[in-house]
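# Quick one, fold the following:
(chains A and B)
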Amino acid sequence: MTDLTQRERARPGAGRRPVRSLYSGNASAVMLRGWRATRSTNWLVVVSGFFEPIFYLLAMGIGLGTLVGDVTTASGQVVPYAAFIAPALLAVAAMNGAIYDSTWNVFFKIRFAKLYEGMLSTSLGPLDVALGEILLALLRGALYAIGFQLVMQVLGLNLSWWALLAVPAVLLIAFGFASLGMAITSYMKSFQQMDWINFVMLPMFLFSATFYPITVYPEWLQRVIEALPLWHGVELVRGLTTGDVGWGLLWHVLYYVVMIALGVVFTTRRLRALFLD
Amino acid sequence: MPAPVIVAQDLVKRYGEFAAVDGISFEVAPGESFGLLGPNGAGKSTTMRMVGAVSTRTSGDLAILGLDPDTHGPEIRSQLGVVPQADNLDAELRVRENLLVYGRYFGMPGRLVAKRADELLAFAQLEDKGKAKVDSLSGGMKRRLTIARALINDPRVLLLDEPTTGLDPQARHILWDRLFRLKEQGTTLLLTTHYMDEAEQLCDRLVVVDKGAIMAEGTPAELIRRYSSREVLEVRFGSDRNSEVAERFTGVGDRMEVLPDRVLVYSDDGEAELVRITDAGFRPITSLVRRSSLEDVFLRLTGRSLIE
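Numbers count the residues shown, from 1 in each chain, chains lettered A, B, ... in the order given. Just a heads-up that it's a prediction; the model follows:
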């Protein structure tokens, strides 16, 4: 058999840094695995997630929108109803794509397929696995979101050139949800616990200023909504697609940066605790 | 003598109050095939996980290829091949893809991985199965694929945890043949088993492990010589009568073990003992003379059978 030279045999860790036992700089191998696996799975499932927000847009935005007419946004801008909910649904598309891969799929891999156990008996560290899986989930979210934004463009729902920035914004949102989703999933032990995730997701989708301005709520409820991640995503994307841009949007960006960091840190720690005891 | 590839000194792994591994010491030389023989729950798998640098020891010293797994986990893992007790093949990937993707985990370049994947498929006698789904493989094929996968990075040590448990006899023999070839090529093997025949076939040297501690160490032949007689006579008198009859044996064999289903008489000449027993008027339902095995060594050391 082909003998390997010492260099080929082992790609050493990322130098003499404290993270080297956590990270071998090879998250791309984990992504490559995910891509190959997705290729051989049922594409119908992947595609169906893409249509969900589009159905909402058609039913609520175009259908219900004829009854609603124009809406005044939180900042006082008046926009057609469809243009009001479309950016929210764009953020939802990113969230859904990211959550599908980072919750149920990850849960199965941890609890049943022993996939990470196998990965972590190679040179890969837990950070490679966490980053690889999160980035892959992010890609799915990004794919949904970019498709959705094309639909928005066709329907004339991008009201400003700032809408171009909605693409990186949506990547950020997907990254945030993928990261947090995988972190939470890694602590879940049973199917019942996994159902709690759905229990949180649906109300968050319905009430995060998705279909009407947050101002309809009493003050205290507004504060609660503003603490949840989807609201920040909705406001960020809505600001960009409607052209209502200000420095305030950076707060939403910061929220996601923190969310990504926390998710990656906790996922890595949890994977290490689970598989490198 | 070349430096050992594995040195374990007073290795301990505790989970809370329970010591799964309780002070194990052994050394494995390069090219050696070393076994941990013991019943389920003896601490074999826990030891393997510590050697595989995926579990930290509670105390004691451990060096794999001269490195401490506490500080050099990734470097050690990159030079090991691991065949876990339960198959953890990637069912979402095809057979050949399993090898390709696993090679990438080690950071190996794609072309090299592809070349080795084909060689290893041939070694594992799975050339025709490259495009098959993992779930369509038989138990023996899955095991061979897992071994092929563990060899993708050309490891310096191959760790095998219960390599043939759950396989039918034919599949076991095919697997043993493959492992024997690796041994001939000079691959260092560390394996755990609770099958004495497997230990006798594959291990140059082994330790008998029970309740997290080592009971004895040596080559299979040495252990048998030290802890058992050359031959064993097995006689059965029926479940209720075995112990009752055995009590009345006098001056039979060097030693006796009374098991629920049979009586074992240890002696250098089993046939002579059988004659002595029948001459004394005992009429066993069945009798069998065989050579001593590691099973007898284990029974002698612990008073229990390997497989319960």
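# Please compute how far the helix or strand A:L171 falls within lies from its chain's middle.
Element membership of A:L171, judged by DSSP states H and E, is helix A:166-186. Helix A:166-186 sits 3 Å away from the centroid of its parent chain (Cα atoms, centre = their mean, to the nearest Å).
# just the angle between the helix or strand following that helix and helix A:166-186, please?
Counting by DSSP H and E, the element after helix A:166-186 in chain order, helix or strand, is helix A:191-207. Angle between the axes of helix A:191-207 and helix A:166-186 is 150 degrees (criterion: axes from the mean of the first three to the mean of the last three Cα atoms, to 10 degrees).
# Three-state assignment for the nearest residue to B:D61 once chain neighbours are set aside, please.
In this structure, B:D61 finds its nearest non-sequential neighbour in B:Q9, 4.1 Å apart by Cβ to Cβ, 6 or more residues apart in numbering or on different chains. C-betas here are computed from N, CA, C, even on glycine. Secondary structure for B:Q9, judged by DSSP: H, G, I helix; E, B strand; the rest coil, is strand.
# Is B:Q9 in contact with B:R57, as I believe?
No - contact criterion Cβ atoms under 8 Å: B:Q9 and B:R57 do not qualify, at 10.3 Å.
# Of those two, which one has the most company?
Between B:Q9 and B:R57, B:R57 has the larger neighbour count (other Cβ atoms under 10 Å in any protein chain shown), namely 22 against 13.
# Could I get the full set of helices for the chain?
In the absence of a named chain, chain A is used. According to DSSP state H, chain A carries its helices in the segments A:6-9, A:27-40, A:43-56, A:65-68, A:81-100, A:106-108, A:115-119, A:126-154, A:166-186, A:191-207, A:219-227, A:229-241, A:249-275.
# hm, I was asking about chain B
B:44-51, B:69-77, B:95-105, B:110-123, B:139-150, B:169-184, B:196-202, B:220-227, B:242-247, B:270-279, B:294-302.
# centroid residue for the chain?
You didn't pick a chain, so chain A it is. By Cα atoms, centre = their mean, the mean C-alpha position of chain A lies nearest to A:A174, the distance being 2.4 Å.
# that answer is for a different chain, and I need it for chain B
The residue lying closest to the centre of chain B (Cα atoms, centre = their mean) is B:T193, at 2.5 Å.
# what would the helices of chain B look like in a markdown table with mean neighbour count, distance to A:W43 and mean pLDDT?
Formatted as a markdown table, these follow (neighbours: other Cβ atoms under 10 Å in any protein chain shown; distance: least, Cβ to Cβ, whole Å; pLDDT from 0 to 100):
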| stretch | mean neighbour count | distance to A:W43 | mean pLDDT |
| --- | --- | --- | --- |
| helix B:44-51 | 24 | 38 | 95 |
| helix B:69-77 | 21 | 35 | 90 |
| helix B:95-105 | 24 | 17 | 97 |
| helix B:110-123 | 17 | 25 | 96 |
| helix B:139-150 | 22 | 26 | 95 |
| helix B:169-184 | 15 | 36 | 92 |
| helix B:196-202 | 21 | 44 | 88 |
| helix B:220-227 | 17 | 54 | 93 |
| helix B:242-247 | 15 | 65 | 84 |
| helix B:270-279 | 17 | 67 | 92 |
| helix B:294-302 | 22 | 53 | 89 |
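# Switch those over to CSV; also include distance to A:W161.
Below are those laid out as CSV (distance: least, Cβ to Cβ, whole Å):
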stretch, distance to A:W161
helix B:44-51, 57
helix B:69-77, 47
helix B:95-105, 41
helix B:110-123, 41
helix B:139-150, 51
helix B:169-184, 64
helix B:196-202, 70
helix B:220-227, 79
helix B:242-247, 92
helix B:270-279, 95
helix B:294-302, 79
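# could you dump the ones you listed to JSON lines with distance to chain A?
Formatted as JSON lines, the helices of chain B follow (distance: least, Cβ to the nearest Cβ, whole Å):
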{"stretch": "helix B:44-51", "distance to chain A": "8"}
{"stretch": "helix B:69-77", "distance to chain A": "5"}
{"stretch": "helix B:95-105", "distance to chain A": "4"}
{"stretch": "helix B:110-123", "distance to chain A": "5"}
{"stretch": "helix B:139-150", "distance to chain A": "8"}
{"stretch": "helix B:169-184", "distance to chain A": "10"}
{"stretch": "helix B:196-202", "distance to chain A": "20"}
{"stretch": "helix B:220-227", "distance to chain A": "29"}
{"stretch": "helix B:242-247", "distance to chain A": "44"}
{"stretch": "helix B:270-279", "distance to chain A": "45"}
{"stretch": "helix B:294-302", "distance to chain A": "28"}
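# mind checking which of the ones you listed is nearest A:A178?
With Cβ to Cβ, the closest approach to A:A178 among the helices of chain B belongs to helix B:95-105: 20.7 Å.
# What distance do you get for the residue nearest to the centre of chain B to chain A?
B:T193 sits 20 Å away from chain A, going by Cβ to the nearest Cβ, to the nearest Å.
# from memory that residue sits against B:G35, does it?
Yes - taking Cβ under 8 Å as the definition, B:T193 is a contact partner of B:G35 at 6.3 Å.
# Pull up the overlap in contacts between those two.
Both B:T193 and B:G35 are contacted by B:199, B:202, under the criterion Cβ atoms under 8 Å, 6 or more residues apart in numbering or on different chains.
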